[in-house]
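[1] Next comes the sequence, and after it the predicted model I'd like to discuss.
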Amino acid sequence: MATTTESWGSRVGLILAMAGNAVGLGNFLRFPVQAVQNGGGAFIIPYLICFLLMGIPLLFIEWSSGRYGGKFGNHSTPYILDSMVKGRLLKYIGVFGIFTNLAIVAYYAYIESWTISYVYHSLMGTFQGMSQGEVAGFFNSYVDLSHTTTGIPYEAVIFYVLCLAFNTFILSKGLKGVEKVAKIGMPLLILFGVLLAIKGYTLGTSGASELFPDANAVDGLNFLWTPQFSSLADPKVWLAAAGQIFFTLSVGMGTIHCYAAYVKPKDDIALNAVSAGFMNGFVEVVLGSAIVIPIAAGYLGLDWVINNAGFGMAFQTMPYLFEQWGPALAMVAGVMWFGLLFFAGITSSLAMGTPWMGFMRDEFGWNRTKGAWSFGGLALLLGLPTVFFYNQGVFDDYDFWAGTVSLVTFAFFEVILFAWIFGMDKGWKEINHGSDIRIPMGYRFIIKYITPLLLGWVFFSSIPNIVDRVLHKDTFNNKSFATEYYAENFDTSGAAVGKVVESDRHSVKFSFQN
Ligand code: PHE
Ligand code: NA
């Protein structure tokens, strides 16, 4: 057990760090894609229900478990769970809360490193005058390490290593470093997000695009925001919604426990948890849905968006769309967009570093320098395969196993443990202790019965998916974070330069001609 007692510098710092933990690439890259792939307005209702019935309860559980464990000088899920209920087995369930982070950070920091590179290239004007095909080709050759188009050999590797080194450096400064990055990054992120979203909302219904005269941004917004109640009967949509709620709130990972372990025993957690959760929701639902989708729909049409929705839209399309605003605005928009993604990314990847550091401290008494550098080294080791074998689907495997299966598994055990083994009497007391708000009593019932049942359902109904995946069938439901993008439109050599050959809104195809 460690002797020094670190804690958060201020309440604002804590909330921003927790919000920074939650607000991440998931809000801007994963959410819009999940929403589009699951029918737009059909996705929103299950999403909101999952937020209220699983997201908020899990936030309460994780914040209070973390603060509880912290009282005993514990900072990582194996020790925190151990302080709640004695028993060896439980300690091992807590191990999920460390390794999930390592596996997620490996690919997450890779995407984060792209954002740094794209800020650089936006500033350099690299995308100026490029066609849509060329911008997509730029990305393809960026991740294909066998050759270079940007003039920097192994650029992707260099930025990745830089990105991890930067994370490691900040982590080695401890909570103060994390808090500082959140205090700078979060306000900037919101500012950039609001400005880009205003642009998204005001693109209007016509005149945006020469290529696609019918394209309009409002189509995109309507598609996302017209509720479709029929979706309530589709289990696939529910699973996707639940998966997004876990990922976006960072629950089921151990990062919230770890941050909360540094909250002082008498301080509020209920209001803090709700504030951070709602801030994440605002950034996701209001800002995250107002940038990529309407802007892409405004220039390329809604059908294009539906057919091509994928994680790469942000990197393969946005720089091209920004160019439509003229070189100066394009540079500003590029820096804002990729800068925003960078802040979103780094405040989350730092969070993923802390459970490992906390564990090494609990178990071996390692100081934060040792903790941080061992974390950086491990992340690099795990991450290099995703960098070198990006095109072979390693990335998707990481996202599936760590970013989906492992979260749900851990969340399922943890809710049972909290509500039924630790017990709801003690649990409810912990949640309300020092609270600055009155939590509706209904939540006691929800946490005890509804959340475990829903989670159990999500957990067990994903088993066929998992089995499918293991048997290498390509029919799994949850299209992952890194869904291969433009697969049909561009070959992987990166040399392909697509050209729009059919430009009516209903069937947009790119050709491979150079
Ligand atoms: N919640 C983050 C996002 O939306 C992702 C994350 C995963 C953060 C794991 C911390 C731990 O991008
Ligand atoms: Na998020």
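    Arrived safely, thanks for sending. Just so it is clear, the structure is predicted and the values come from calculations on it, not from any experiment. Numbers count the residues shown, from 1 in each chain. Ligands and ions are numbered 1, 2, ... in the order given.
[2] where does the stretch 301-450 of the chain come near ligand 1, residue by residue?
    When proximity is defined by Cβ under 6 Å from any ligand atom, the stretch 301-450 of the chain lies next to ligand 1 at 348, 351, 352. Just so you know, the C-beta spots here come from the backbone N, C-alpha and C atoms, and that holds for glycine as well.
[3] swap that for the chain, sorry
    Counting by Cβ under 6 Å from any ligand atom, the residues of the chain close to ligand 1 are 21-22, 24-27, 104, 247-248, 250, 253, 255, 348, 351-352.
[4] Now intersect those residues with the strands, please.
    Taking DSSP state E, every one of these sits outside strands.
[5] which of those residues are close to ligand 2?
    22, 24, 26, 27, 248 (Cβ under 5 Å from the ion).
[6] how about low-confidence regions in the stretch 101-250 of the chain?
    Applying pLDDT under 70 to the stretch 101-250 of the chain flags the ranges 148-151, 206-211.
[7] Going by residue numbers, what spans are helices in it?
    Remark: helices assigned in the stretch 101-250 of the chain by DSSP state H, counting those that start in this stretch are 132-143, 155-171, 175-202, 217-225, 235-249.
[8] Run the angle between the second one and helix 175-202 for me.
    Taking axes from the mean of the first three to the mean of the last three Cα atoms, to 10 degrees, one finds helix 155-171 and helix 175-202 inclined to each other by 130 degrees.
[9] Can I get the helices of the stretch 101-250 of the chain in TSV including mean neighbour count and distance to residue 71?
    Shown next, in TSV, are the helices of the stretch 101-250 of the chain (neighbours: other Cβ atoms under 10 Å; distance: least, Cβ to Cβ, whole Å):
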stretch	mean neighbour count	distance to residue 71
helix 132-143	22	46
helix 155-171	20	24
helix 175-202	18	17
helix 217-225	20	43
helix 235-249	24	24
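[10] Leaving out chain neighbours, which residue sits closest to whichever residue of the chain sits closest to ligand 2?
    Proximity of the chain to ligand 2 (Cβ to the ion) peaks at residue 248, 3.4 Å away. Distances taken as Cβ to Cβ, 6 or more residues apart in numbering place residue 26 nearest to residue 248, at 4.5 Å, with adjacent residues excluded.
[11] The one you found: what's it in contact with?
    244, 247, 248, 284, 348, 481 (Cβ atoms under 8 Å, 6 or more residues apart in numbering).
[12] Take those and lay them out in a markdown table including distance to residue 392.
    Formatted as a markdown table, these follow (distance: Cβ to Cβ, whole Å):
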| residue | distance to residue 392 |
| --- | --- |
| 244 | 26 |
| 247 | 23 |
| 248 | 27 |
| 284 | 30 |
| 348 | 25 |
| 481 | 16 |
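[13] isn't residue 412 right up against residue 459?
    Yes: with contact defined as Cβ atoms under 8 Å, residue 412 counts as touching residue 459 (4.5 Å).
[14] Now the phi/psi pair for residue 253, please.
    phi -120, psi -20 (degrees, to the nearest 10).
[15] And residue 174, by the same measure?
    The phi and psi values for residue 174, taken as degrees, to the nearest 10, are phi 80, psi -160.
[16] Residue 412 and residue 459 - which one has more neighbours?
    residue 412 (21 against 17; other Cβ atoms under 10 Å).
[17] Now the more buried one: which helix or strand?
    Using DSSP states H and E, residue 412 sits in helix 407-416.
[18] With just CA atoms, put whichever helix or strand comes after that helix into CSV.
    Using DSSP H and E, the helix or strand that follows helix 407-416 towards the C-terminus is helix 424-432. C-alpha atoms of helix 424-432 as CSV (Å, rounded to 0.1, in the frame of the first residue of the first chain):
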residue,chain,number,x,y,z
MET,A,424,-27.8,-2.5,-1.8
ASP,A,425,-28.1,-1.2,1.8
LYS,A,426,-24.5,-0.5,2.0
GLY,A,427,-24.3,0.4,-1.6
TRP,A,428,-27.1,3.0,-1.5
LYS,A,429,-25.5,4.5,1.6
GLU,A,430,-22.2,4.8,-0.2
ILE,A,431,-23.7,6.5,-3.2
ASN,A,432,-25.6,9.0,-1.1
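[19] roughly how far is the very next helix or strand once past helix 424-432 from the heart of the chain?
    Sequence-wise, the next helix or strand downstream of helix 424-432 (DSSP H and E) is helix 442-445. In this view, helix 442-445 has its centroid 28 Å away from the chain centroid, taken as Cα atoms, centre = their mean, to the nearest Å.
[20] Name the SS class of residue 86, please.
    State at residue 86, reduced to three classes by DSSP: H, G, I helix; E, B strand; the rest coil: coil.
[21] Numbering from 102 from now on, please.
    Happy to do that; since the first residue is 102 now, the last one works out to residue 187.
[22] so how far is ligand 1 from the closest residue to residue 523 other than its chain neighbours?
    Excluding the flanking residues, the one nearest residue 523 by Cβ to Cβ, 6+ apart is residue 185, at 4.8 Å. Using Cβ to the nearest ligand atom, to the nearest Å, residue 185 is found at 21 Å from ligand 1.
[23] can you pull the buried residues of the longest helix seen in the chain?
    Scanning the chain for the helix with the most residues, using DSSP state H, yields helix 428-465. Within helix 428-465, the residues scored as buried using 16 or more other Cβ atoms under 10 Å are 431-432, 434-463.
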